[in-house]
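Visitor: Sequence first, then the predicted structure:
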Amino acid sequence: MIKVVMASEHGLHARPASEFVAKATQFDSEITIESNGNEANAKSIINVLGLGVQHLDEVIITATGSDAKDAEKALAELLGASHA
Amino acid sequence: MLKKLFKKSGTEFSPPMAGKVVSLDQVPDAVFSKKMVGDGFAVIPSEGKVYAPVNGKVVQLFPTKHAIAIIDESGLEMLIHVGIDTVELKGEGFVAHIEKGSEIKKGQLLLEVDLEFVQAQDKAIITPVVFTNQKQYQSIEVVSGNLTIADTACIIRK
């Protein structure tokens, strides 16, 4: 589990969300992204968009599987500054 | 007439806006033209009104009102993204008639957008409509041309 703060000024809209999902899909692990009390499958664009992550929102990424650590690190780097 | 030829083997899908329907490769943004968000089509709108293309539910309305994510009754996931880089307009030029979580009926007015304003801000008004879960379909056949919201913009083959 890794916590990040959403760095992008416009939040997780179509372009960053598609990049995020494309990156998540490269990993075998099950990955969830959590924000504002809601959880989504990190490999589903519509789920990720549904979170409505805004600039400076806290996001929690949790991966489970053989490449979990790498997945969490890569996705956290994509979204913003890492806090854990 | 031509529409009848397509009718058999797929789900017909209407454009959410009246205008010229084109293939996604016409969209000046790789996120859409390279189908990173999914396959679909784009509309160059002739009128600044976005209507529900299906019965379903609004999963997300961006705070900037420039994009709507919808899941229809059959579970099909889609994103209507009005214009390109319109996130930068921060909602200006857009009026929403629904909110996140709204149940919607086909033909219902969802959004109004001031196309002249958007163009005056140097943003393209071309509106990609993409089906975001590529596991839900085999192929999308785009029916190009000047269409109304009652016409068929694409055939979805599952």
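Guide: Structure received. Quick caveat: nothing in here was measured; it's all calculated off a predicted structure.
Visitor: Quick check: buried residues in stretch A:37-50?
Guide: A:40, A:42-50 (16 or more other C-beta atoms under 10 Å in any protein chain shown). Glycine gets a C-beta too; all of them are placed from N, C-alpha and C.
Visitor: Report whether it contacts chain B.
Guide: Yes - Stretch A:37-50 is in contact with chain B by C-beta under 8 Å from any C-beta of the partner chain, via A:44-46, A:49-50.
Visitor: Could you list which of those residues belong to helices?
Guide: A:45-46, A:49-50 (DSSP state H).
Visitor: Among the buried residues of stretch A:37-50, pick out the one closest to B:Leu89, please.
Guide: In terms of C-beta to C-beta, no member of the buried residues of stretch A:37-50 lies closer to B:Leu89 than A:Leu49, at 18.0 Å.
Visitor: pLDDT score for that closest one?
Guide: Note on A:Leu49: pLDDT of 90.
Visitor: Phi, psi for A:Ala17 please.
Guide: phi -70, psi -40 (degrees, to the nearest 10).
Visitor: Look at it and report its pLDDT.
Guide: 92.
Visitor: B:Ser23 versus that one, what's the distance?
Guide: The gap separating A:Ala17 from B:Ser23 is 22 Å, by C-beta to C-beta, to the nearest Å.
Visitor: neighbour count winner among the two?
Guide: A:Ala17 (28 against 15; other C-beta atoms under 10 Å in any protein chain shown).
Visitor: In contact with the more buried one: list those residues for me.
Guide: A:45, A:48-49, B:37 (C-beta atoms under 8 Å, 6 or more residues apart in numbering or on different chains).
Visitor: for A:Arg15, same thing?
Guide: Counted by C-beta under 8 Å, 6+ apart, A:Arg15 has contacts B:29, B:31.
Visitor: roughly how far apart are the residue lying closest to A:Asn41 once chain neighbours are set aside and B:Phe13?
Guide: Residue nearest to A:Asn41 in three dimensions, not counting chain neighbours: A:Asn47, with 4.8 Å by C-beta to C-beta, 6 or more residues apart in numbering or on different chains. To B:Phe13, A:Asn47 is 21 Å away according to C-beta to C-beta.
Visitor: all helices for chain A, in order.
Guide: According to DSSP H, the helices that chain A contains are A:14-25, A:45-51, A:68-79.
Visitor: Buried deepest among those helices, which one?
Guide: helix A:45-51 (a mean of 23; mean count of other C-beta atoms under 10 Å in any protein chain shown).
Visitor: Please list the outside residues in contact with it.
Guide: So helix A:45-51 is contacted by A:12-14, A:17-18, A:20-21, A:33-36, A:38, A:40-42, B:37-38, B:59-60, B:67, B:69, B:71, B:77, B:79, B:132-133 (C-beta under 8 Å, 6+ apart).
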